[in-house]
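In: Okay, predicted coordinates and the sequence, questions at the end:
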Amino acid sequence: MSVFQKVDFYSDSIEVLVVGGGPVGLSTAMELGLRGIKVVIVEPRKEVSHLRPRAKTTNARSMEHFRRLGIAKDIRAAAALKPKWSQEVSFCTSLLGKETVRFDDAWAVSSMPNELYSEGGQSIPQFTLEEVLREKINASENIRFATGWELVSLTQDDHKVIAELKSETGETVTVESLFLIGCDGARSNVRRSIGIVFEGDVETRNNFNVVFKAPGLAEQVKHDRAIQYWVVNDVAPGLMGRLDLDETWWMMIIGVEQEDGEANPKKYIHGMIGEEVEVEVLATDAWSSRMLLANHYRNKRVFLAGDAAHLNPPWGGLGFNTGLGDAVDIAWKLSAFLRGWGGEELLDSYEEERRPISERVIKTATHNMKTLSSDLAKFETNAKDELESHKQLADHIYKTKEMEFHSLGLVLGYQYDQSSIIVEDVVEWPEESIINYVPTSRPGARLPHTWLGEDHSIFDQLGPYFTLLRLDSSLDIHAFEKAAAARNIPVKVVTLEQQGLLEKYEKPLILVRPDQHVAWRGERLSSSEAAKILNIVCGLKEKSKI
């Protein structure tokens, strides 16, 4: 008898089946479980391998979501490299050679409070993050985590999804759920099963990753600490960094074929370090960049999220974090639909909102890929001496790579301005920028952040569903509360009159979605307006003028 047959939770009460237990699948399940949805995750891996660090930076926006889930502190506690080790990127001739230039405040990794965000980024290998998420998942009453299982096939009708699953021992079982979310990565069986295809390109240049131990190497490094050392030389162009404060390092070698990398890993390790030192190779991994986007994110009752829906080059640390954004978006919308206060248009809006974000991320990461260590090694100057040559290279690096390390405009500033479940606003958007973030409360944008007290963010005031921010207590919101109650829409009302808030947020009434994006803003709410607004933002009615 399988685990699915033994436990009633599995056989009778699955509302959502999540296929894939990586960080996106686990986060999707947590978001659903937070709102009382019964979820099962199936994942082939019983244990998380520490030999494949994969993503290494959880950006500020993702950490804000983890703060909302109550686990940001757990993630920071589990990370081997604290923010003071993770804020700078160095470009050098080798790890033990000369430094050319460095970037400060990379990826907004910080332990210090910042007015722009409630949580700074955190450097943490994907395997450590997954272990934290697994621990939290296993403690949830609403989520069951079935490791050692994988999806074989699926079918669906108007009422349910039927999934055939296989265990590592060869046992098979058929499981029914109301919805299914495919978070099963680049080779997604879910995507294949529902006839959705990738569109885009694959880069011809191959790259090679190595994880290795190097006793005493850290003490030999002449440069100040950095989370990444970009090595610019002809022998082993690439980048490397520490996985912990012990002896474990990672590196990416640019333009190396798998056969060569596997045959000569130490040659490239020594070339990047700059000297022959004692090393122990722990793991190798060949890869090439892929710029791929699913032609659709949904087929009836089945959705895609994370790498199953989009793949981008790793330059800028955007892929995994974009997947977490998918998780947040689909989870609150599916929860609303399952509990009866969200309409079909709410589910349609998932692809409508998230696919353009992924498209922009792919474009940005592809731009970042145009200048890598191997390209910088070929940079020619017209300098008359070594000092001037050094300066020209430094200027070129800063000009071509700044967007990769300073991208708050993309990380915090993305907006759902074309969404059908956002109430339009006539005010123009700030000028679009990858680097610079300009806060705005315009509908579709992430609610601008502010601190209300020591370590007390305005985001901490928001509820798990919709929140109506009232920045003027004299405003009557009875009509809105009545309209929400009539539709069984859960709304938390938060009244704040802290000095300067009204000026900052531009309007005295702001309706905030569960994902902290603004759905509507205004100065008053009549009964008719409240009803129209709620119909739009919950996908209950076609969009109309307010």
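Out: That came through, no problem. Numbers count the residues shown, from 1 in each chain.

In: Not counting sequence-adjacent ones, nearest residue to D105?
Out: Closest residue in space to D105, ignoring its immediate chain neighbours: Q87 at 6.0 Å, by Cβ to Cβ, 6 or more residues apart in numbering. All C-beta spots, glycine's among them, are computed from the backbone N, C-alpha and C.

In: Now E278: which helix or strand?
Out: Using DSSP states H and E, E278 maps to neither a helix nor a strand.

In: Can you pull out the residues in contact with stretch 412-422?
Out: Residues outside stretch 412-422 that contact it (Cβ atoms under 8 Å, 6 or more residues apart in numbering): 60-61, 116-117, 345-346, 348-349, 352-353, 356-357, 360, 429-430, 432-433, 437-438, 442-446, 517-520, 536-539, 543.

In: picking up where we left off before, distance check, the residue nearest to D105 against P53.
Out: 19 Å (Cβ to Cβ, to the nearest Å).

In: From the neighbour counts alone, determine which of the two ranks first.
Out: Q87 (23 against 20; other Cβ atoms under 10 Å).

In: Just give the number of residues close to the residue lying closest to E351 once chain neighbours are set aside.
Out: Nearest residue to E351, sequence neighbours excluded (Cβ to Cβ, 6+ apart): Y297, at 3.8 Å. Neighbourhood size, Y297 [other Cβ under 10 Å]: 26.

In: Thought A308 was touching Y297, still the case?
Out: No - counting by Cβ atoms under 8 Å, Y297 stays clear of A308, with 9.3 Å between them.

In: Contact partners for the residue nearest to D105?
Out: By Cβ under 8 Å, 6+ apart, the neighbours of Q87 are 104-106, 109-110, 227.

In: Could you identify the least confident member of these?
Out: The member of the contacts of Q87 with the lowest pLDDT is S110, and it reads 84.

In: residue contacts, that residue?
Out: Residues counted as contacts of S110 (Cβ under 8 Å, 6+ apart) are 83, 87, 120-121.

In: one more time with 10 Å, if that's ok
Out: 60, 83-84, 86-87, 117, 119-122 (Cβ atoms under 10 Å, 6 or more residues apart in numbering).

In: got the contact list for the closest residue to S188 other than its chain neighbours?
Out: Using Cβ to Cβ, 6+ apart and skipping the chain neighbours, the partner closest in space to S188 is A308 (3.8 Å). A308 makes contacts with 19-20, 22, 24-25, 181-192, 196, 198, 294, 297, 323, 326, as judged by Cβ under 10 Å, 6+ apart.

In: taking these one by one, which sit in strands?
Out: 19, 181-182, 198, 294 (DSSP state E).

In: secondary structure element for I41?
Out: Using DSSP H and E, I41 maps to strand 39-43.

In: Pull the distance from the helix or strand following that strand to the chain's centre.
Out: Sequence-wise, the next helix or strand downstream of strand 39-43 (DSSP H and E) is strand 57-58. In terms of Cα atoms, centre = their mean, to the nearest Å, the centre of strand 57-58 is found 8 Å from the chain centre.

In: Give me the sheet partners of strand 57-58 and which way each runs.
Out: strand 122-123 (antiparallel) (DSSP bridges).

In: Quick check: what element follows the strand it pairs with along the chain?
Out: That would be, after strand 122-123 and using DSSP H and E, helix 126-138.

In: in that next one, what counts as buried?
Out: Neighbour counts using 16 or more other Cβ atoms under 10 Å place 126-130, 132-134, 136-137 of helix 126-138 among the buried residues.

In: just stretch 374-391 next, same as before
Out: Those would be 374-377, 390, for stretch 374-391 by 16+ other Cβ under 10 Å.

In: Which ones among the residues you listed lie within strands?
Out: Per DSSP E, these never map to strands.

In: Could you identify the most distant pair in those?
Out: Farthest pair in those (Cβ to Cβ) is S374 and H390. Separation: 19.2 Å.

In: I533 and L525 touch, don't they?
Out: Yes - in this structure I533 lies within contact range of L525 using Cβ atoms under 10 Å: 7.6 Å.

In: Compare the two (neighbour count), which wins?
Out: Just comparing I533 and L525: by other Cβ under 10 Å the higher neighbour count belongs to L525, 23 against 20.

In: Thought H478 was touching that one, still the case?
Out: Yes - using Cβ under 10 Å, L525 is in contact with H478, at 8.9 Å.

In: Looking at the protein, which residue reaches furthest from the middle?
Out: K384 (45.5 Å; Cα atoms, centre = their mean).
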